[in-house]
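Q: need a 3D model of the sequence below.
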Amino acid sequence: MTLSTNSDLFKDVYYDPYDVDLNTDPYPMFLRIREETPLYFNNRHGFYALSRYDDVDAALVDHDTFSSSHGAVLEIIQSGMEIPPGSLIFEDPPIHNIHRKLLSRIFTPRKVSALEPRIREFTARCLDPLIDTGRFDFVKDLGAQMPMRVIGMLLGIPEPDQQHVVDHGDSTLRTERGGKMTENPDGAIATGEVFASYIDWRAEHPSDDIMTELLNAEFADETGATRRLGRDELLLYLQVIATAGSETTTRLLGWAGKVFAEHPDQRRDMVDNRALLPAAIEELLRFEPPAPHVSRYVTRDLEYYGHQVPAGSAMMLIVGAANRDPRRFGPDSEMFNIHREPHQHLAFGVGTHFCLGNALARLEGRIALEEILDRFPHWDVDLTNAELSPTSTVRGWESMPAVVS
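A: Here you go, the predicted model:
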């Protein structure tokens, strides 16, 4: 049996990742898709979608069937564009494993933990000038600043240049309202050319940073040859690290401002008991994942729920729906609850593409909440002046202003 259009069966069940208004709050539609049409097909944009936790989890693990080598963004997959070498998140094993291994020795628990004093210093530098002002923007005053500084420090980018480097990567994510990354005049994938002068400098002036380590790292590639990263590979590799390492954490902190304003009782619990902060970060990631969906290229014919998915299709994996699946998280899965019994969520992915920077993002989130609560134990957000970021990939806020006390 083929899936002609399951929108024929559920005419009002419709999810459009480019609909800015719908994405202001996609969760009612995510719930309907998950419960009414667990294999969803979008006629207009020509993609399939899975939304139940077990289906999304299994697909993320099965990289042979659900390939990242054509891209992990719907419009990039459908464009058929050639993926340049070194784009770690747009690779499959074995080359992905080789490139990932190079980075895994940099993001070790010991090295991440050693960053805590520096992260706390950056955070205090952002927050202290705002004490007694009565206002604080979770994104502009902190979320867009602290993660950028941390990644800049790791890469070895001078502080005055860090904003430019991050803006270069972010420019490919930013779209017009309802637009696609492939329509971006700056290109769908940042080239990393912004790092060219830095790697030339580091080649002559090595330091204790990721750039120096990657410049000099030797590895056995997929052919068995021992070599170093080529220049184009290295440039794109650094770009992936810079963008992935700042964008999602920025969005996480914006959601922290909104969600904890809407749940003041749980915020008071954190003020009284800081041991709750790690669980609070996990629940925030589950409840409002910065990347609500990822996509994969389907390499073989599949069947779900009695319907066929042909090879060559684009499959969207709706993490935001899976993270609220009551089959996984219980009957209160649509509620935010930092006291929830812990279960693994999918905000960082799973399998070969599990986010290497997850420990760093968690550390940044915990430190940010600690320092915010120390200074501003109470706040109300100004949603009238908040600004949602219009992208087709990450979902979060350009601005989340708050009145604090």
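Q: ok, then the element right after the lowest-mean-pLDDT helix or strand in the chain?
A: Of all helical and strand segments in the chain, the minimum by mean pLDDT, DSSP states H and E falls on helix 6-9, at a mean of 44. Moving toward the C-terminus from helix 6-9, the first helix or strand encountered (DSSP states H and E) is helix 27-36.
Q: give me the distance from that following helix to the chain's centre.
A: 21 Å (CA atoms, centre = their mean, to the nearest Å).
Q: mind listing the strands the helix or strand just after that helix pairs with, and their directions?
A: For helix 27-36, the following helix or strand on the C-terminal side (DSSP H and E) is strand 39-42. Strand 39-42 has its sheet partners listed here by DSSP bridges as strand 47-50 (antiparallel).
Q: and what about Gln344, helix, strand or coil?
A: coil (DSSP: H, G, I helix; E, B strand; the rest coil).
Q: contact partners for it?
A: For Gln344, the contacting residues are Val350, taking CB atoms under 8 Å, 6 or more residues apart in numbering as the criterion. Just so you know, the C-beta spots here come from the backbone N, C-alpha and C atoms, and that holds for glycine as well.
Q: gap between it and Asp55?
A: Here the distance between Gln344 and Asp55 works out to 15 Å (CB to CB, to the nearest Å).
Q: Pro310 versus Arg300, what's the distance?
A: Relative to Pro310, Arg300 is positioned 9 Å away (CB to CB).
Q: hmm, Gly245 and Leu103 touching each other?
A: No. Counting by CB atoms under 8 Å, Leu103 sits too far from Gly245 to count as a contact (10.7 Å).
Q: element containing Asp380?
A: Counting by DSSP H and E, the secondary-structure element that holds Asp380 is strand 379-381.
Q: all strands of the chain, in order?
A: Using DSSP state E, the strands of the chain run over residues 39-42, 47-50, 66-67, 135-137, 219-220, 226-227, 294-298, 302-304, 307-309, 314-317, 379-381, 387-388, 397-399, 401-404.
Q: please name whichever of the ones you listed is nearest to Asp272.
A: Evaluated with CB to CB, these place strand 379-381 nearest to Asp272, the distance being 16.4 Å.
Q: show residues contacting that closest one.
A: Surrounding strand 379-381, the residues in contact under the criterion CB under 8 Å, 6+ apart are Phe136, Phe138, Gly257, Lys258, Phe260, Ala261, Met400, Pro401, Ala402, Val403, Val404, Ser405.
Q: out of those, which comes closest to Ile318?
A: Taking CB to CB as the measure, Ile318 lies nearest Lys258 of these, at 20.8 Å.
Q: can you tell me the closest non-neighbouring residue to the closest one?
A: The shortest distance from Lys258 to any residue other than its chain neighbours is 5.5 Å, reached at Val381 (CB to CB, 6 or more residues apart in numbering).
Q: need the contact list for the residue lying closest to Ala217 once chain neighbours are set aside.
A: Across the structure, with CB to CB, 6+ apart as the measure, the residue nearest Ala217 apart from its sequence neighbours is Leu102 (5.4 Å). Neighbour list for Leu102: Leu214, Ala217, Phe219, Leu229 [criterion: CB under 8 Å, 6+ apart].
Q: pLDDT value on the first one, please?
A: When you say that, I think you mean Leu214. We have a pLDDT of 88 for Leu214.
Q: and it, what does it touch?
A: For Leu214, the contacting residues are Leu102, Leu229, Leu234, Tyr237, Leu238, taking CB under 8 Å, 6+ apart as the criterion.
Q: distance of it relative to Pro390?
A: For Leu214, the distance to Pro390 - CB to CB - is 33 Å.
Q: and if you look at the third one?
A: Counting by CB to CB, the gap between Phe219 and Pro390 amounts to 39 Å.
Q: ok, the two, which is more surrounded?
A: Using other CB atoms under 10 Å as the criterion, Phe219 and Pro390 rank with Pro390 on top: 16 against 13.
Q: for the more buried one, what are phi and psi?
A: Its backbone dihedrals place Pro390 at phi -90, psi 80, with angles given as degrees, to the nearest 10.
Q: confidence score at it?
A: Looking at Pro390, its pLDDT is 73.
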